[in-house]
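Below are the sequence and a predicted model; questions follow.
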Amino acid sequence: MHFLIVEDTRDVAEAIERRLEKAGHVSDRAETLEDAEHFVAMARHDLIVLDINLPDGSGIAFLKKLRAAGNRVPVLVLTARLAVNDKIDALDLGADDYMIKPFDLGELEARIRAIIRRRSGDADRTLAVGKLSFDMAARRVLIDGEPCELTRREQTLLEIFLTNRDRVLEKEDLLIRLFGHDEERNPNAVELYVGRLRRKIEGSGLEIRTLRGLGYQAVTMEPGT
């Protein structure tokens, strides 16, 4: 998945980025509100990790601006502040969760997974369709109870499709979610990974459709079809 980390303390931002990268995700990093607004304008993110105290303003003001513009991207707020009012303000403005520094990276990752599950309508840490199940925490994929070996990016692509079932996902959007902005990205890479994933999950009950001129759509296949 594709995350945005808005944090001006470089070692904290790098630690979060490394943790998410190990789970197969890509991240943009912004040290200022100006940079954050730039990244938001460039691409759609699956979640934003947002520090409150930034060099050029308040993360709360950034969150308020996001929601006023109709942007419903999930937001996890980070802050060193202990005041209850700060937490209330963030949640009232549409933050999905709130953590106080210092925090444990494992807990941060777990909370991010929980936010994504809630937004996709899944209450459990395991995403399941037909015979396929994907444990988001253990990064384990099973088809009819048997392990399905996927590469890190194939897992990321599967997670994107599972959490966006029935939605049409543009090819460029998938490209950014898989590779971010910093790497040299080959537009044909999406077709390659989608093709590989299709072959590996064939018969699982999840179908990835190509919609010419629009992108891709993951749908649940009816039994017997």
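That came through fine.

Once you drop chain neighbours, what's closest to residue 78?
In space, and not counting its chain neighbours, residue 78 is closest to residue 51: 4.9 Å by Cβ to Cβ, 6 or more residues apart in numbering. Using the backbone N, CA and C atoms, a C-beta is placed for each residue, glycine as well.

what sits up against stretch 190-206?
129-132, 143-144, 148-151, 153-154, 157-158, 161-162, 171, 174-175, 178, 208, 210, 216, 218-221, 223 (Cβ atoms under 8 Å, 6 or more residues apart in numbering).

please redo it, this time with the cut-off set to 6 Å
Outside stretch 190-206, the residues within contact range by Cβ atoms under 6 Å, 6 or more residues apart in numbering are 129-132, 143, 148, 153-154, 157, 171, 174-175, 208, 221.

between those residues, which has the most around it?
residue 157 (26 neighbours; other Cβ atoms under 10 Å).

still on that earlier bit, next step: the contacts of stretch 190-206 restricted to helices.
153, 154, 157, 171, 174, 175 (DSSP state H).

quick one: contacts for the fourth one?
For residue 171, the contacting residues are 190, 215, by Cβ under 6 Å, 6+ apart.

Could you report the separation of it from residue 193?
Distance of residue 171 to residue 193, given as Cβ to Cβ, to the nearest Å: 11 Å.

Over to the first one?
When Cβ to Cβ is the yardstick, residue 153 and residue 193 sit 6 Å from each other.

ditto for the last one
Relative to residue 193, residue 175 is positioned 10 Å away (Cβ to Cβ).

Same check on the third one?
Distance of residue 157 to residue 193, computed by Cβ to Cβ: 5 Å.

Same check on residue 174?
8 Å.

and if you look at residue 147?
Noted for residue 147: a distance of 19 Å to residue 193, by Cβ to Cβ.

between the two, which one's more packed in?
residue 193 (19 against 9).

backbone phi and psi for that one, please?
Main-chain torsions, residue 193, degrees, to the nearest 10: phi -70, psi -40.

shared neighbours of residue 157 and residue 193, which are they?
The contact lists of residue 157 and residue 193 share no entry, where a contact means Cβ under 6 Å, 6+ apart.
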